[in-house]
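A.B. asks: Build me a model:
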Amino acid sequence: METVGATGITGTTGATGTTGAGTTVPTGPTGATGPTGVQGGNEWMLTGNTGTNPPINFLGTTDAKNLAFKTNNIERMRIMSGGSVVVNSTTPIASDIFSSYSTGASNTISAYPTGSGIGLQVLTTAPHTGDAIQIQKNGNIGRGIYLLMDAANSSIGIASYHDGTGIAGYFRQQNSSAVQPGLSSIHDGNGNAFSAQNTVVTNTKAVGFFSQSSNGTTLPTYQNAAAVTGQTAGIRAGLFISTSQSSNVHVVHAEYSQFGNYDAIGIYGKSSPAVGFGYGVYGEGNNDAVFANGDLTATGVKAFSIDHPLDPENKI
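C.D. replies: Prediction:
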């Protein structure tokens, strides 16, 4: 009887045959987006987060690096690692907590309140010793402060209230070459361009004090270096009225108080419209039109007379 022998060893794999002919099948459509996963707790969601704890959850850095904010791939704001904030730049002013930059016709900072609140408020408390607001305007065009109020507003344009013992308002032009006024007021209506009042009925000081530091004495160089100058196109260059009922009233008081052998003039009047016209000093009174306590001297080509019981030698 014949028997089957054992299977022989497998032979080596033959060479790979050529790729058969065919076409590539198109990619199928993208499947539907799956449901949003559960918030893990370490990410900031585009639609907002819930259950955050500010001491633990925050947007920022944990190292000494600045934090930048961009739109349209352009940096708009940066929070510096030291805490200062700068807008439209990458470098804040060294002493600023908040710095904002603008170019062109853009406003750097604007406030548009529509209620009864304050548009901009700066409140300082002790021991602060610096300025509450400081404005530095560089360049030769534009105003340092420009305030515009519409015709419907009847309130005060600028108000300064001081409860301390200092000066409520102070203006100074520090350029020694400037010839413009240090303070100018113009009124386009039928009112006072400048008004000053002291409300204390026992006040012993002048309402207005004007001091001229010029000490030149030669004429005509210093003839206009006055403490007060008035000019008008009307009929009154200066008008002084007193409503006090007292014999001590001086509506206009002029006094030269320096000691020396000088013929200084207390009041000087001059009127020179044409030859033969004009009064340098004119007085009217129910008692005396002009009263002189001392020698009276008059010079000129026009004769005058004195008729007074105390001057019998010159009685008419």
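A.B. asks: use CA for all of it now, contacts and neighbours both
C.D. replies: Fine.
A.B. asks: Show me where the chain has its helices.
C.D. replies: Counting by DSSP state H, the chain has no helices to list.
A.B. asks: Flag the shaky bits of the stretch 201-316 of the chain, pLDDT-wise.
C.D. replies: Residues of the stretch 201-316 of the chain that meet the criterion pLDDT under 70 lie in 302-316.
A.B. asks: where's residue 207 relative to residue 64, distance?
C.D. replies: Relative to residue 64, residue 207 is positioned 59 Å away (CA to CA, to the nearest Å).
A.B. asks: actually residue 53, sorry about that
C.D. replies: To residue 64, residue 53 is 22 Å away according to CA to CA.
A.B. asks: same check, this time on residue 250
C.D. replies: 74 Å.
A.B. asks: before we move on, what about residue 202?
C.D. replies: 64 Å.
A.B. asks: what does residue 198 give?
C.D. replies: 58 Å.
A.B. asks: Could you do residue 154 as well?
C.D. replies: 53 Å.
A.B. asks: likewise residue 89?
C.D. replies: Counting by CA to CA, the gap from residue 89 to residue 64 is 19 Å.
A.B. asks: Same check on residue 114?
C.D. replies: 40 Å.
A.B. asks: same check, this time on residue 58
C.D. replies: Distance, residue 58 to residue 64, by CA to CA: 15 Å.
A.B. asks: Which one's more surrounded, these two?
C.D. replies: Each of residue 58 and residue 64 has its neighbours counted (other CA atoms under 10 Å); residue 58 has more, 12 against 9.
A.B. asks: Tell me the spacing between that one and residue 65.
C.D. replies: On the measure of CA to CA, residue 58 and residue 65 end up 15 Å apart.
A.B. asks: Could you do residue 180 as well?
C.D. replies: 51 Å.
A.B. asks: Comparing those two, which residue is more hemmed in?
C.D. replies: The neighbour comparison of residue 180 against residue 65 (other CA under 10 Å) goes to residue 65, with 12 against 8.
A.B. asks: show me what contacts that one?
C.D. replies: 80-81 (CA atoms under 8 Å, 6 or more residues apart in numbering).
A.B. asks: can you do 7 Å?
C.D. replies: residue 81 (CA atoms under 7 Å, 6 or more residues apart in numbering).
A.B. asks: if I look at it, how far off is residue 203?
C.D. replies: Per CA to CA, residue 65 is found 62 Å from residue 203.
A.B. asks: can you check residue 121 too?
C.D. replies: 34 Å.
A.B. asks: now the strands for the stretch 1-150 of the chain?
C.D. replies: 67-71, 74-79, 85-87, 98-100 (DSSP state E, counting those that start in this stretch).
A.B. asks: Flag every buried residue along the second one.
C.D. replies: Spelled out, it's strand 74-79. 77-79 (16 or more other CA atoms under 10 Å).
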